[in-house]
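Peer 1: Quick one, what's the 3D model for this:
(2 chains)
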2 protein chains.
Amino acid sequence: MKIVIAGLGNIGGSFALAIKSNAPEHEVYAIDIDAESLRDAEDGGLIRKGFESPEAIIPHADLIIFSVYPMTLKSLVAEYAPYFKENVVLTDVTGVKRSIIEEIEPLLSDDADFIFGHPMAGRENRGLSFASGEVFRDANYLFTPTPGNKPENIEMLTAFVREIGFRNVTSITPDFHDEVIGFTSQLAHVIAVSLINSDDPVRDTKAYTGDSYRDLTRITNINEKLWPELFIMNKDHLLNHIDGFKEQLDQLTKAIENEDVETMQEMMIESRHRYHDLHNLDESDWT
Amino acid sequence: MKIVIAGLGNIGGSFALAIKSNAPEHEVYAIDIDAESLRDAEDGGLIRKGFESPEAIIPHADLIIFSVYPMTLKSLVAEYAPYFKENVVLTDVTGVKRSIIEEIEPLLSDDADFIFGHPMAGRENRGLSFASGEVFRDANYLFTPTPGNKPENIEMLTAFVREIGFRNVTSITPDFHDEVIGFTSQLAHVIAVSLINSDDPVRDTKAYTGDSYRDLTRITNINEKLWPELFIMNKDHLLNHIDGFKEQLDQLTKAIENEDVETMQEMMIESRHRYHDLHNLDESDWT
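Peer 2: Sure, this is the predicted structure:
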């Protein structure tokens, strides 16, 4: 099929690469405001052709992957909508769903099928996997179907993202998506930013870090143009999760204050069980 | 020299392996209560010979590496002290220093030189590096010399740990050690345990995790026999660091509540600067 990637940034470029490496039968085009990125992608064989505006290519697209900031998505869909081919399939990569879906669905004609999605692409070993085209290998993909989506298009997209490397492809409700991502991704970013910002710069901490601190601050290389928007769009769930975390933190802090070994041990045994469950491991090899 | 490793667990075994691979000129012996571990280590060529009690081997040791739990250290030093060779050098691997030093120093004769230390061994790619004997490759080592330590012994130990793979070997005061480790290691463990324990088990979170959550909970496979002890021994510094973290967390939470994009952006720009400083990077490649 003819695929248009709208926004050839980090994620859009990864899609182009993953398709080229794993599903070269598709024709991939891209739209971006950065002419140089488009030329580079053409020269590198990542895309067939790049466009700086939609009118010449959108009418031919069977699938459009919008890989842009959430605040850009609405205006881009509105701009492209007049050119959509009949029965076009659309998808996005945004990390929150409820408010995005609410904004976008009114813009669509009845035959345009927007299946909202969230590729949970790994960052670890990104360089290596990028070089080999395995940039999405074994990552998770979440779709949040709405009542208007056609089942055959959901099936098609599911098969497509599996083909380009994703392993677990799951369909969940937009609200459950936002609840669980608010915990696994957004809360994690809130904590990591708070931790690294609480460091005392006078200390030259980096000379004394082991893996723990580096693990917990690895996601602090954060994009401030994107994340405040995501936090606000998911404010209700995120604030709930912060409360839950603070309850646990306060309980552990109190146990330390009181030198209450028993409570600390119970909390650590619980955390170890959860670690093993998360990683599908037997209980062995403590850190 | 003749080295005795007292306690052939995870860290003790790593020392044996690192010496075998990088400094095979030394004769390595071990004492452990687990006879089977000792036989395995002998059979694998990790140690020359294992002992279940100190009297036959401690009198020959030039260097004793105590790699045991902090609560075991005091009784073990007391038990071995009558057998110490003149001018023996001793070291430990405990993650807190002030209270340990206070407990141990009174047990020592004048000629026994205990140089307290803390190997900050990496866990990442442990399997691979373990197989190649590079288990300590490029990790940090902290020594916390006391007024009684002989400079030539500090030099000897520094050279020795460099020889077996450690890169940055730093001497700092016991109090500064406990302050900085309270931040980079203990606070990180407190946060990680609180995060994973705040998960809602009904949710089956593991189906929806990306790297963020796995990064932040990697250290929750925690040993509840060790860590409450470490937390209590370093209570003053740790509680201070928890307070500092909570201040930042509260500030960010308030900005989310108020949809205060400007404050969120300032905090994220700050965290990104700190990330780049921690990793000695230029500012590029946002996540």
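Peer 1: Give me the below-cutoff pLDDT ranges for the stretch 101-250 of chain A.
Peer 2: Within the stretch 101-250 of chain A, the segments meeting pLDDT under 70 span A:122-132.
Peer 1: how about the strands of it, start to end?
Peer 2: Secondary structure of the stretch 101-250 of chain A, counting by DSSP state E, counting those that start in this stretch: strands at A:113-114, A:117-120, A:140-143, A:169-171.
Peer 1: Quick one: closest of those strands to chain B.
Peer 2: Of all the strands of the stretch 101-250 of chain A, it is strand A:117-120 that lies closest to chain B, at 4.0 Å by CB to the nearest CB. All C-beta spots, glycine's among them, are computed from the backbone N, C-alpha and C.
Peer 1: List the strands paired with that closest one, with their directions.
Peer 2: Strand A:117-120 pairs in its sheet with strand A:140-143 (antiparallel), by DSSP bridges.
Peer 1: Run through who's touching the strand it pairs with.
Peer 2: A:115-120, A:154, A:157-158, A:161, A:166-172, A:177, A:181, B:207-210 (CB atoms under 8 Å, 6 or more residues apart in numbering or on different chains).
Peer 1: and if we set it to 6 Å?
Peer 2: By CB atoms under 6 Å, 6 or more residues apart in numbering or on different chains, the residues outside strand A:140-143 that reach it are A:115, A:117-120, A:161, A:166, A:168-171, A:177.
Peer 1: if we can go back for a sec, so which of the strands of the stretch 101-250 of chain A has the densest surroundings on average?
Peer 2: Scoring the strands of the stretch 101-250 of chain A by mean neighbour count under mean count of other CB atoms under 10 Å in any protein chain shown gives strand A:117-120 as the most buried, with a mean of 24.
Peer 1: now that one, how far from the centre of its chain.
Peer 2: 5 Å (CA atoms, centre = their mean, to the nearest Å).
Peer 1: And for stretch A:82-96?
Peer 2: 17 Å.
Peer 1: in that stretch, what counts as buried?
Peer 2: Buried residues in stretch A:82-96, counted by 16 or more other CB atoms under 10 Å in any protein chain shown: A:83-84, A:88-96.
Peer 1: What of stretch A:212-223?
Peer 2: In terms of neighbour count (16+ other CB under 10 Å), stretch A:212-223 has its buried residues at A:212-222.
Peer 1: wait, does that stretch contact chain B?
Peer 2: Yes: against chain B, stretch A:212-223 shows contacts by CB under 6 Å from any CB of the partner chain at A:212-213, A:215-216, A:218-223.
Peer 1: Now render the residues you listed as TSV, adding distance to A:Ala41.
Peer 2: Listed next are the residues of stretch A:212-223 next to chain B as TSV, based on distance: CB to CB, whole Å:
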residue	distance to A:Ala41
A:Ser212	39
A:Tyr213	37
A:Asp215	34
A:Leu216	35
A:Arg218	28
A:Ile219	27
A:Thr220	30
A:Asn221	24
A:Ile222	26
A:Asn223	21
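Peer 1: Quickly name whichever of those residues is closest to A:Ile104.
Peer 2: A:Asn223 (21.7 Å; CB to CB).
Peer 1: Roughly how far does the residue nearest to A:Lys150 when sequence neighbours are not counted sit from A:Ser75?
Peer 2: Take A:Lys150 and drop its neighbours on the chain: the residue closest to it by CB to CB, 6 or more residues apart in numbering or on different chains is A:Asp113, 5.4 Å away. Distance of A:Asp113 to A:Ser75, computed by CB to CB, to the nearest Å: 20 Å.
Peer 1: which ones among the residues of stretch A:212-223 next to chain B are found in helices?
Peer 2: Taking DSSP state H, the ones among the residues of stretch A:212-223 next to chain B that sit in helices are A:212-213, A:215-216.
Peer 1: In JSON lines, list these along with distance to B:Arg48.
Peer 2: Listed next are these as JSON lines, based on distance: CB to CB, whole Å:
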{"residue": "A:Ser212", "distance to B:Arg48": "34"}
{"residue": "A:Tyr213", "distance to B:Arg48": "37"}
{"residue": "A:Asp215", "distance to B:Arg48": "37"}
{"residue": "A:Leu216", "distance to B:Arg48": "40"}
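Peer 1: what would the strands of the stretch 101-250 of chain A look like in TSV with distance to B:Leu187?
Peer 2: Shown next, in TSV, are those (distance: least, CB to CB, whole Å):
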stretch	distance to B:Leu187
strand A:113-114	44
strand A:117-120	28
strand A:140-143	29
strand A:169-171	34
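Peer 1: which stretch among the ones you listed comes nearest A:Glu42?
Peer 2: strand A:117-120 (23.6 Å).
Peer 1: Just the CA trace of the closest one, in PDB.
Peer 2: What follows is strand A:117-120, C-alpha atoms only, in PDB (Å, rounded to 0.1, in the frame of the first residue of the first chain):
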ATOM      1  CA  GLY A 117      -2.500   4.200  18.400                       C
ATOM      2  CA  HIS A 118       0.600   4.500  20.600                       C
ATOM      3  CA  PRO A 119       3.900   2.800  19.700                       C
ATOM      4  CA  MET A 120       5.800   2.200  22.900                       C
END
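Peer 1: I would like the residues contacting it, please.
Peer 2: Against strand A:117-120 from outside (CB under 6 Å, 6+ apart): A:91, A:93, A:139-143, B:210.
Peer 1: May I see the domains of chain A written out as residue ranges?
Peer 2: Domain assignment of chain A by automatic domain parsing yields the ranges A:2-172, A:176-278.
Peer 1: tell me the most buried of those?
Peer 2: Using mean count of other CB under 10 Å, domain A:176-278 ranks as the most buried of the domains of chain A, with a mean of 20.
Peer 1: What's the end-to-end length of it?
Peer 2: 19 Å (CA to CA, to the nearest Å).
Peer 1: where along the stretch 1-150 of chain A do the helices fall?
Peer 2: A:10-22, A:35-43, A:70-80, A:98-104, A:126-132 (DSSP state H, counting those that start in this stretch).
Peer 1: Could you export these as JSON lines, including distance to B:Ala6?
Peer 2: Formatted as JSON lines, the helices of the stretch 1-150 of chain A follow (distance: least, CB to CB, whole Å):
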{"stretch": "helix A:10-22", "distance to B:Ala6": "51"}
{"stretch": "helix A:35-43", "distance to B:Ala6": "59"}
{"stretch": "helix A:70-80", "distance to B:Ala6": "57"}
{"stretch": "helix A:98-104", "distance to B:Ala6": "58"}
{"stretch": "helix A:126-132", "distance to B:Ala6": "41"}
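Peer 1: Which of those helices comes out lowest on mean pLDDT?
Peer 2: Of all the helices of the stretch 1-150 of chain A, mean pLDDT reaches its minimum on helix A:126-132 (a mean of 57).
Peer 1: shouldn't A:Leu107 be in contact with A:Ala78?
Peer 2: Yes: using CB atoms under 6 Å, A:Leu107 is in contact with A:Ala78, at 5.3 Å.
Peer 1: Could you pull up the residues touching A:Val28?
Peer 2: A:3, A:16, A:19, A:47.
Peer 1: same thing but at 10 Å, please
Peer 2: A:1-5, A:15-17, A:19-20, A:41, A:45-49, A:63, A:65 (CB atoms under 10 Å, 6 or more residues apart in numbering or on different chains).
Peer 1: pLDDT value on it, please?
Peer 2: At A:Val28, pLDDT is 98.
Peer 1: That one bridge partners, please.
Peer 2: Applying DSSP bridges, one finds that A:Val28 bridges with A:Ile3.
Peer 1: quick one: it from A:Ile64, how far?
Peer 2: Taking CB to CB, one finds A:Val28 at 11 Å from A:Ile64.
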